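> Need a 3D model of the following:
(chains A and B)
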Amino acid sequence: MSSTESTARGTAEFIPSGIELGRRRHRRAQGTRSVLISVVSTVVFAAVVLGVLFNSTGWPQVQASFFDGKSMVNSLQPILIGLWLNIQVLFFAALGVAILGSLLAIARTLRGPIFTPIRLLAAGYTDIFRGLPVLLVMYLIGFGVPGLNLFERMPAQFWGTIALILCYSAYVAEVLRAGIEAVHPSQRLAARSLGLSHAKTLRLVVMPQAVRKVTPALMNDFVSMQKDVGLISVLGAVDAIRAAQIQVAQDFNFSPYVVAGILFVLLSLPMIRLTDWFTARAQKREQIGGAV
Amino acid sequence: MTSSTVPVLRVDNVWKFFGEHPVLRGISIEVAAHEVVVLIGASGSGKSTLLKTINLLEPVNDGQIFLGNEDITDPRVKPDAVRAQVGVVFQHFNLFPHMNVLANVTLALRQVHGQDRATADARGRELLARIGLADKANEYPDRLSGGQQQRVAIARAVATDPRLLLLDEITSALDPQLVGEVLDLVRGLKESGSTILMATHEMGFARRVADRVVFLKDGVIVESGTPEEIFDRPQHPATKEFLARVLNPLG
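Numbering: from 1, shown residues only, chains lettered A, B, ... in the order given. The predicted structure follows:
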């Protein structure tokens, strides 16, 4: 309607009306005001928190035992060496989780009576390993399995990696299964009607779409695993946390723990930001238009 | 029998139940080579179910379906091998959203018929050029209009030169102004000799493109014949009533 009118007048160019200009002025003023309010409230909040912290009677002792500069600097190198072990464990655990998690998810979606035992096995597995605390699995695998004397001696980080894979593949399998079931059945129908086998349909059509649907959840699990690699220290592997512990025992000072904590946060930050960015992008793509 | 006299498709007394409810009640139908047979009938008359049984997406409860000389309802027949010879186009396109247009069209060539990527891509691009979408080869399906998506779905179905093409109400989900481009493409397929069995609500199109029209009601073939016989001189009261309602919905 309006487009035919404007072509009739011969003006395809958009000139905002007085009403629209007024609305923009109002929005601008509102924007400036809310930025000011957020800045002031942040400053006030930080001042109050820091004031309470620094004026508490115990602060000098806490500062001396947790934020001792010399102890922090001294412990940095051994902790970084330990962190490298964490990163290696993370790499192999992520690989293992991707493989085992996918297999479990597929096993749980198999139809037909022949697959009942496999389906039940996979369901039991995910139930047990999602229920068991990771620390407990660490102990059971790290101290229990070597005790069987079935394998030659393996380093502690090896069993730690296995324990992580066992726990996290149960979570990842459930996330992937949700993704597989969220792919519309008509997609499977279209693939099978082209003559694609069940396996090829799963690999080429269903899985790529399933993974895309649950990527934010998968990335979240990865971030979670990134910090749980620190649990291998309980098996005696000299990782970042174990290295920090050794330094703590030498200096009688807790600052190395703070260093390890900061390093773990720094390690996970890129992935956390990536997850946020990916989630926001997916949301923007799926919800084009609309103010709410 | 020589191959020219054997119909491409022969459906013989097919029954299909959903639970206790009969959807197909003794359907028999033949489609000869290069023939276009159009199924008409109200929603729920069994058109879509019949197409699904022919592609083995639904098992039959009785009767036989022959593709050429082969009984494809024989449980020893491999469904994937049958489906590889039959092209299907769906009402809602069902393109793969994570693949670009060219990958959609060439998927079966590469993964079912074992062609290498270069050969498959060449065939895919030739098909896209023929349907006027050569410039969309690298686009993803959600960037295309409904009519364009359905044309890509048709290209995907015919890429492997199937012996038989099944079209299941392929214009029902399209805006009216997009129906024409899809139907033009189907007419082109007919002219190039494709064998087609299609379900449709587009009576005008059925009249122009069909060699034979089959009217289904409650899982039974009520009447079949040339478009002139069915549309101009329907014999059965049910056919007359259906056509009166479809052609003149306001009464």
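
> so who does the nearest residue to A:Arg242 once chain neighbours are set aside touch?
With CB to CB, 6 or more residues apart in numbering or on different chains as the criterion, A:Arg242 has its nearest non-adjacent residue at 4.0 Å, and that residue is A:Ser233. Just so you know, the C-beta spots here come from the backbone N, C-alpha and C atoms, and that holds for glycine as well. A:Ser233 sits next to A:Asp239, A:Ala240, A:Ile241, A:Arg242, A:Gln245 when contact means CB atoms under 8 Å, 6 or more residues apart in numbering or on different chains.

> tell me which element the closest residue to B:Ile131 other than its chain neighbours is part of?
Ranked by CB to CB, 6+ apart and with sequence neighbours excluded, the top spatial neighbour of B:Ile131 is B:Arg151, at 4.7 Å. Using DSSP states H and E, B:Arg151 sits within helix B:146-158.

> B:Leu174 and A:Glu20, how far apart?
Here the criterion is CB to CB, to the nearest Å. By it, B:Leu174 lies 37 Å from A:Glu20.

> which helices and strands does the helix holding B:Arg151 pack with?
Other elements packing on helix B:146-158 under the criterion 3 or more CB pairs under 8 Å, 6 or more residues apart in numbering or on different chains; DSSP states H and E are strand B:86-89, helix B:101-111, helix B:117-130, strand B:164-168, helix B:176-191.

> tell me how far that helix is from the chain's mean position?
Distance, stretch centre to chain centre, for helix B:146-158: 12 Å (CA atoms, centre = their mean, to the nearest Å).

> what does stretch B:73-88 give?
15 Å.

> low-scoring pLDDT stretches of chain B, where are they?
B:1-4, B:251 (pLDDT under 70).

> Quick one: the strands in it, in order.
Counting by DSSP state E, chain B has strands at residues B:9-18, B:21-31, B:36-40, B:62-67, B:70-71, B:86-89, B:164-168, B:196-199, B:212-217, B:220-225.

> Need the contact partners of the longest one.
Residues from elsewhere that reach strand B:21-31 (CB under 8 Å, 6+ apart): B:7-17, B:37, B:46, B:49-50, B:53, B:60, B:63, B:164, B:195-197, B:214, B:216, B:218-221, B:224.

> Same check on the shortest one?
Taking contacts as CB under 8 Å, 6+ apart, the residues outside strand B:70-71 that touch it are B:Gln64, B:Ile65, B:Val77, B:Val82.

> Now do the contacts for residue 67.
I went with chain A, as the question did not name one. By CB under 8 Å, 6+ apart, the residues touching A:Phe67 are A:Ser255, A:Val258.

> That was the other one, I meant chain B.
B:Val8, B:Leu9, B:Val82, B:Gln85, B:Val86, B:Arg163, B:Leu164.

> what's the third one in contact with, if anything?
Spelled out, it's B:Val82. By CB under 8 Å, 6+ apart, the residues touching B:Val82 are B:Asn55, B:Leu56, B:Leu67, B:Glu70, B:Ile72.

> at 6 Å instead, please
For B:Val82, the contacting residues are B:Leu56, B:Ile72, by CB atoms under 6 Å, 6 or more residues apart in numbering or on different chains.

> what do you get for the last one?
Under the criterion of CB under 6 Å, 6+ apart, the neighbours of B:Leu164 are B:Val8, B:Leu9, B:Val86, B:Thr195.

> Touching, the third one and B:Thr53? I think so.
The one in question is B:Val86. No: counting by CB atoms under 6 Å, B:Thr53 is not a contact partner of B:Val86; they are 11.4 Å apart.

> The stretch 1-150 of chain B against chain A: which residues are in contact?
Proximity of the stretch 1-150 of chain B to chain A, by CB under 6 Å from any CB of the partner chain, involves residues B:Asn55, B:Asp80, B:Arg83, B:Ala84, B:Val88, B:Asn94, B:Phe96, B:His98, B:Ala108, B:Gln111, B:Val112.

> ok, and the most crowded of these?
Counting neighbours by other CB atoms under 10 Å in any protein chain shown, B:Val88 comes out on top of those with 26 neighbours.

> Mind listing the residues bridging to that residue?
On the basis of DSSP bridges, B:Val88 is bridged to B:Leu166.

> From A:Met219, how far out is it?
37 Å.

> now do B:Leu166
For B:Leu166, the distance to A:Met219 - CB to CB - is 41 Å.

> So those two - more neighbours on which side?
For B:Leu166 and A:Met219, the more surrounded residue by other CB under 10 Å is B:Leu166, and the numbers stand at 26 against 17.

> In the residues of the stretch 1-150 of chain B next to chain A, find the pair that's most separated.
The two members of the residues of the stretch 1-150 of chain B next to chain A with the most space between them (CB to CB) are B:Asn55 and B:His98, at 23.3 Å.

> and B:Ala206, what does it touch?
For B:Ala206, the contact set (CB under 6 Å, 6+ apart) comprises B:Val38, B:Thr200, B:Val213.

> mind redoing it with 10 Å?
B:Val36, B:Val38, B:Leu39, B:Ile40, B:Met198, B:Ala199, B:Thr200, B:Val213, B:Pro227, B:Ile230, B:Phe231 (CB atoms under 10 Å, 6 or more residues apart in numbering or on different chains).

> could you measure it against A:Gly112, distance?
Distance, B:Ala206 to A:Gly112, by CB to CB: 40 Å.

> Quick check, the residue in chain B closest to chain A?
Closest to chain A within chain B is B:Ala84: 3.1 Å, counting by CB to the nearest CB.

> and that residue, backbone torsions?
The phi and psi torsions at B:Ala84 (degrees, to the nearest 10) take the values phi -70, psi -20.

> Quick check: closest non-adjacent residue to it.
Distance criterion CB to CB, 6+ apart; nearest residue to B:Ala84, sequence neighbours excluded, is A:Gly195 at 3.1 Å.
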